[in-house]
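Peer 1: heads up, no residue letters with this:
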């Protein structure tokens, strides 16, 4: 991503060093937003400390954003309790310290903030909430595709419910804000979903990534407290924890009992709260169910779910709902009792889960130089090598060569320069030759010979860019360009920015946000 910045490849789509040095379109499909932050931070912190910052930011942000949402729904003390519960949910420690899942960590951290801004916009027609809802939704949609699949339906239900309560009062700004949020993310969403056939997505769902391998047991969810830094495997002997969390799930049955009492009161305000709590109770039960093998028929019936890979990813919804239900429990109490219970719950959440939020071991010798060179660098270049290989490519077994290869004929190559989205070199060809550039072919790589756009081939062993040249002197340049769908996404995103600015200016004069 840092190389994309330097080469002005914005938005960044092609990553030159992945695919064992052959490159592949990682950020055409994988949520780029956290890595834009990381690339910016490398300018000031270097790469290792930027990576540390990317793990720290969502850990802190998650608690703050859940506090804001809980405070608006239930009050300050319940909000603080919900924030701490979310902050110390064990699954968030799994993401940060075991799996190293930066994108999912960011999605979990930002999701409460999206709900918060839309809730505030439904209640109050305000410029700051309008932009807050639009921007946070746009960012959330560019973080993690699977979290989009999990949280966006819940967000829509949440917004519809509160619009109904408000009798549709702010329907127009809420709808425009939601459309703008989608528009802001269009540069990523359109190619990610409509260019799926251009990469080998079958590698994302086979063998150890098949969802059938990763169901969890009731014991793992609620009772087991063992912690590990290993892998998810077939059966109940996983080497990492999938617990819902203590005291998180303890508060859910309490919330259910209080929900029953709320319904029995039959007061209009309490009934409104009851519907909201019913939604979160339903989310908790549904998400727990989806982690268990009894839900296999749902996974098999809804094809897109297979890309979630791990049923235990539904714990993201589980801890979201459990934290808010924990905040709701305190609503049944007032004064000193509420404060005492809040202190007790917060103490238990911290004391029972603090020990999970640490790395397995510490390596104080990690520096930018050893991480970006030698065996460490090659390990990173091979990481997830099958995830986003172009459809025409094969898995490389060795590192891409530093210069183009002469596959046939007599020729020489000089002055090879490779950037994040381009390459260039000089070629002297004595007899008809085939030159293979160490870059995977993918739409839309264009090749220019002496300034003229020519066709190229990928009909070689690995699917790299290949050129057939006759005798002569050549200046060869390659450029990675956007396809029509990527360009359309870029234009929609730019249009959304300008429309949003226009609405702000227009709204100030026409009292749209008054």
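Peer 2: Received, thanks. For clarity, every value in this text was computed on a predicted model and none was experimentally measured. Numbers count the residues shown, from 1 in each chain.

Peer 1: need phi/psi at residue 454.
Peer 2: The phi/psi pair for residue 454 (degrees, to the nearest 10) reads phi -120, psi 160.

Peer 1: tell me the centre residue of the protein?
Peer 2: residue 144 (2.1 Å; CA atoms, centre = their mean).

Peer 1: for it, give me phi and psi.
Peer 2: The phi/psi pair for residue 144 (degrees, to the nearest 10) reads phi -160, psi 120.

Peer 1: chain neighbours aside, what residue packs nearest to residue 184?
Peer 2: In space, and not counting its chain neighbours, residue 184 is closest to residue 138: 3.0 Å by CB to CB, 6 or more residues apart in numbering. Yep, even glycine has a C-beta here, placed from its N, CA and C like the rest.

Peer 1: burial of that neighbour, as a residue count?
Peer 2: 26 (other CB atoms under 10 Å).

Peer 1: ok, residue 177 next?
Peer 2: There are 27 residues near residue 177, going by other CB under 10 Å.

Peer 1: repeat for residue 426
Peer 2: Close neighbours of residue 426, defined as other CB under 10 Å, add up to 13.

Peer 1: that one and residue 404 touch, don't they?
Peer 2: No. Judged on CB atoms under 8 Å, residue 426 makes no contact with residue 404 at a distance of 10.6 Å.

Peer 1: make sure the residue nearest to the centre of the chain is actually in contact with residue 103.
Peer 2: Yes. At 4.6 Å, residue 144 counts as touching residue 103 under the criterion of CB under 8 Å.

Peer 1: where does pLDDT dip in the stretch 151-300 of the chain?
Peer 2: 266-270 (pLDDT under 70).

Peer 1: mind running it again at 50?
Peer 2: Residue ranges of the stretch 151-300 of the chain with pLDDT under 50: none are present.

Peer 1: which residues of the stretch 301-450 of the chain fall in strands?
Peer 2: 405-408, 411-418, 422-429, 433-440, 445-449 (DSSP state E, counting those that start in this stretch).

Peer 1: partners of the second one, with directions?
Peer 2: Right, the one you point to is strand 411-418. Next to strand 411-418 in the sheet, as set by DSSP bridges, lie strand 422-429 (antiparallel).

Peer 1: quick one: the residue nearest to the centre of the chain from residue 176, how far?
Peer 2: Look at residue 144 and residue 176: by CB to CB, to the nearest Å, they are 25 Å apart.

Peer 1: so which of the strands of the stretch 301-450 of the chain is the most packed in?
Peer 2: Of all those, strand 433-440 has the most neighbours on average by mean count of other CB atoms under 10 Å, namely a mean of 23.

Peer 1: coming back round to it: helix or strand next in line after the strand or helix carrying the residue nearest to residue 184, which one?
Peer 2: Secondary structure assignment for residue 138, by DSSP states H and E: helix 127-140. The helix or strand immediately downstream of helix 127-140 is helix 145-165, counting by DSSP H and E.

Peer 1: after that following helix comes which helix or strand?
Peer 2: Once the chain leaves helix 145-165, the next helix or strand it forms, by DSSP H and E, is helix 171-184.
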